[in-house]
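Visitor: Give me a model of this one.
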Amino acid sequence: MKSIPNLFILGTQRSGTTLLTRILSAHPALFIQNEISVDNVFANHDKSSICHAIDLEIQKRHQHNIIDLMKQENKTHWGVKDPQLTEHLDKLQLFIDDAKFIIILRDPRAVVRSYIENKWGLGTNAYTGALRWRSEVALQRKFAVEHPDKVLIIRYEDLVSDLETIMKKVCGFIGCSYDDSITEYYKQSAKYKANKSNINTNKKPDKSYSDKWKKGLNTQQIGIIDYVTEQEMLACDYQLYGTTIKPNKLCVLWYKIHQKVLGEFQIQYQLKRVWLKNKWQRLKN
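Guide: Presented below is the predicted three-dimensional model:
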């Protein structure tokens, strides 16, 4: 048993990282920490300090350090999941000899649709959301090419349509025997607070979610996403849906201004909500 993670789970936001964590956490031998304060953890520059910072995060949430927690829950493997890990792939290179990495991909149109609809989307639109997906997936795929024996790429669509097959592959990659309990993950209590963003992880896998973007996006949005992400999308075995649409310079400028202005409004709105919530708590106490 060690204080260095056995596993890191990466993916863009809204790609299914929480669902994968939920499933793996149902395995009797696995503990997966669902998200950490990534910027604080990776403000450190050496492996030992990063591990210590992760351990402090775990102690805050579970009142035990990772070694004691593993013993208490009789676990043999542990890992960390956070979409923001993609921003720190340079530091994750430090763990190549000790850990394995799972990258979960999802159709860019589904991801961008979810960005647009979520309050934390920070003003994301079809163009800026597609740029974000393309940039992050390119970094993830490059990392996987550089470390083929250490990185496993799976797709959200395959996970929800054939859970058992994909999870047998994942367990083999991690080095844990497959356990049937993980296919019934939704019957166990989640180890994170349920909210609108992750509520579907408490349900059975539903492959219908894979195609919801077809009704949630209009033809222009789909065409723009296809245009921006085409190269990476095809490399990930996603197919173009129709005619790609290249936005002109004026449209690009509008999309960038839209994200900046609406994104700032959303940030201020969320900060105001947190301030009001904290003020209310102080008044109650």
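
Visitor: where do the strands sit along the stretch 101-250 of the chain?
Guide: In the stretch 101-250 of the chain, the segments counted as strands under DSSP state E, counting those that start in this stretch are 151-155.

Visitor: Could you count how many residues lie near residue 40?
Guide: 12 (other Cβ atoms under 10 Å). C-betas here are computed from N, CA, C, even on glycine.

Visitor: Tell me how far stretch 78-94 lies from the chain's centre.
Guide: 11 Å (Cα atoms, centre = their mean, to the nearest Å).

Visitor: One more: stretch 113-133?
Guide: Using Cα atoms, centre = their mean, the offset of stretch 113-133 from its chain centre is 15 Å.

Visitor: what's the burial count for residue 73?
Guide: 14.

Visitor: For it, give its distance to residue 31.
Guide: 6 Å (Cβ to Cβ, to the nearest Å).

Visitor: Equivalent analysis for residue 157, please.
Guide: Applying Cβ to Cβ to residue 157 and residue 31 gives a distance of 27 Å.

Visitor: More neighbours: which of the two?
Guide: Using other Cβ under 10 Å as the criterion, residue 157 and residue 31 rank with residue 31 on top: 24 against 19.

Visitor: Contact partners for residue 133?
Guide: By Cβ atoms under 8 Å, 6 or more residues apart in numbering, residue 133 lies in contact with 12, 108, 111, 112, 229, 232.

Visitor: Going by neighbour count, which of these comes out on top?
Guide: Top of these by neighbour count (other Cβ under 10 Å): residue 112, with 32 neighbours.

Visitor: what's the nearest residue to that one if we skip its chain neighbours?
Guide: residue 129 (3.6 Å; Cβ to Cβ, 6 or more residues apart in numbering).

Visitor: what's the neighbour count on that neighbour?
Guide: 29.

Visitor: Over to the one 3 residues further on?
Guide: Neighbours of residue 132 under the rule other Cβ under 10 Å: 20.

Visitor: Kindly report the same for residue 181.
Guide: Residue 181 has 13 nearby residues by other Cβ under 10 Å.

Visitor: pLDDT wise, what is the nearest residue to it once chain neighbours are set aside at?
Guide: Nearest residue to residue 181 in three dimensions, chain neighbours excluded: residue 26, at 5.4 Å (Cβ to Cβ, 6+ apart). On pLDDT, residue 26 comes in at 93.

Visitor: Quick check, residue 26 in contact with residue 180.
Guide: No: contact criterion Cβ atoms under 8 Å: residue 26 and residue 180 do not qualify, at 9.9 Å.

Visitor: Just want to check the distance between the closest residue to residue 42 other than its chain neighbours and residue 244.
Guide: Take residue 42 and drop its neighbours on the chain: the residue closest to it by Cβ to Cβ, 6+ apart is residue 88, 4.4 Å away. As for residue 88, its distance to residue 244 is 32 Å (criterion: Cβ to Cβ).

Visitor: same check, this time on residue 184
Guide: From residue 184 to residue 244 the distance is 41 Å (Cβ to Cβ).

Visitor: out of the two, which sits in the busier spot?
Guide: residue 244 (15 against 12).

Visitor: For the more buried one, which non-adjacent residue is spatially closest?
Guide: Nearest residue to residue 244, sequence neighbours excluded (Cβ to Cβ, 6+ apart): residue 227, at 3.9 Å.

Visitor: Then residue 238?
Guide: Counting by Cβ to Cβ, 6+ apart, the residue nearest residue 238 is residue 107, at 5.3 Å.

Visitor: cool, and residue 140?
Guide: residue 103 (4.8 Å).

Visitor: Now for that neighbour, how many residues are close by?
Guide: 24.

Visitor: Run a quick check on residue 28 versus residue 179, I expect a contact.
Guide: Yes: using Cβ under 8 Å, residue 28 is in contact with residue 179, at 6.0 Å.

Visitor: now the stretch 1-150 of the chain, which segments are flagged as low pLDDT?
Guide: 1-2, 119-123 (pLDDT under 70).

Visitor: One more pass at 50, please.
Guide: Within the stretch 1-150 of the chain, the stretches with pLDDT under 50 are 1.

Visitor: Do a quick rundown of the helices in it.
Guide: Taking DSSP state H, counting those that start in this stretch as the test, the helices found in the stretch 1-150 of the chain are 17-25, 38-41, 47-62, 66-73, 89-92, 108-117, 126-146.
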